[in-house]
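1. All I have is the shape, not the residue letters:
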């Protein structure tokens, strides 16, 4: 894996942690998630109008990804209702690399070398270390269930989009259509929250829409990287977003202990290096 691809994925990881922090700190997380979804729709509508259609065989993957994203948004919103950002996020993201690696081996025929699996394991351990104290003291059963469910949905749409973007013939078009179909998620949440939308402060609207732009950019970078690297490796590197989330939690949300965060960052950096040299 080239340094350029690694840099792209790590940039996406940082952006992903930022928009999750926006959702976690929102007063109404469900409504904010709806605004995040709508934040995908606005720029993607322009892209859809200007770009050529992706190959026909990729559209089923775009539709499947949209359905799975419904489940992801639901699980994520519920997880943040019941657990701290710096606890829920590592659990949800920590199980993803191994799951994606397994799904990719079964359904896409991608077999990672042993060194890459070691790197994935090191990253997963670093993820858990980042919130070890909170995990050791116990995580609420409800928060744990929704966090694990979030991770499962992430791994499923990661596989779907990884295969779909390779069939699309045009990464930008696939990205645009996937983002544009978030309109159904935004409409669904708007109907459920129609009584509160009008009373939302302008700051909430701005944060939610900004979170959507950040989220869309982050996933566009990941989609691009999936054209050039194995899905399991891309997923593992993307989950270094956990260390960025941990730093955000420590600095801005006053969650956690910096020494443990630094240790987990070093571990994950080692895992990134192992994967980068293996694939």
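-> Done, it's in. Keep in mind that what you see is a predicted model, and the values were worked out from it rather than measured.
2. what's the closest non-adjacent residue to residue 157?
-> residue 68 (4.3 Å; Cβ to Cβ, 6 or more residues apart in numbering). C-beta: built from backbone N, CA, C; applies to glycine.
3. quick one: buried residues of the one helix or strand the one you found maps to?
-> According to DSSP states H and E, residue 68 maps onto helix 59-82. Residues 59, 61-62, 64-66, 68-80, 82 are the ones in helix 59-82 that count as buried (16 or more other Cβ atoms under 10 Å).
4. gap between residue 62 and residue 191?
-> Separation of residue 62 from residue 191 (Cβ to Cβ, to the nearest Å): 23 Å.
5. now residue 153
-> With distances taken as Cβ to Cβ, residue 153 is found 22 Å from residue 191.
6. Looking at these two, which one has more neighbours?
-> Neighbour count, other Cβ atoms under 10 Å: between residue 153 and residue 191, residue 153 has more, with 21 against 10.
7. That one and residue 71, how far apart?
-> 5 Å.
8. can you check residue 129 too?
-> Applying Cβ to Cβ to residue 129 and residue 71 gives a distance of 28 Å.
9. List the residues that contact residue 235.
-> By Cβ atoms under 8 Å, 6 or more residues apart in numbering, residue 235 lies in contact with 96, 97, 100, 101, 155, 158.
10. I misspoke; the intended subject was residue 149.
-> Residue 149 neighbours (Cβ under 8 Å, 6+ apart): 71, 75, 79.
11. Closest to residue 211 out of those?
-> residue 79 (16.2 Å; Cβ to Cβ).
12. Can you report how many residues lie near the residue lying closest to that closest one once chain neighbours are set aside?
-> Nearest non-adjacent residue to residue 79, counting by Cβ to Cβ, 6+ apart: residue 146, 3.8 Å away. A count of neighbours around residue 146, defined by other Cβ under 10 Å, yields 24.
13. Can you say which helix or strand has residue 146 in it?
-> Counting by DSSP H and E, residue 146 is part of helix 141-168.
14. from memory residue 70 sits against residue 189, does it?
-> No - between residue 70 and residue 189 there is no contact under Cβ atoms under 8 Å: 9.9 Å.
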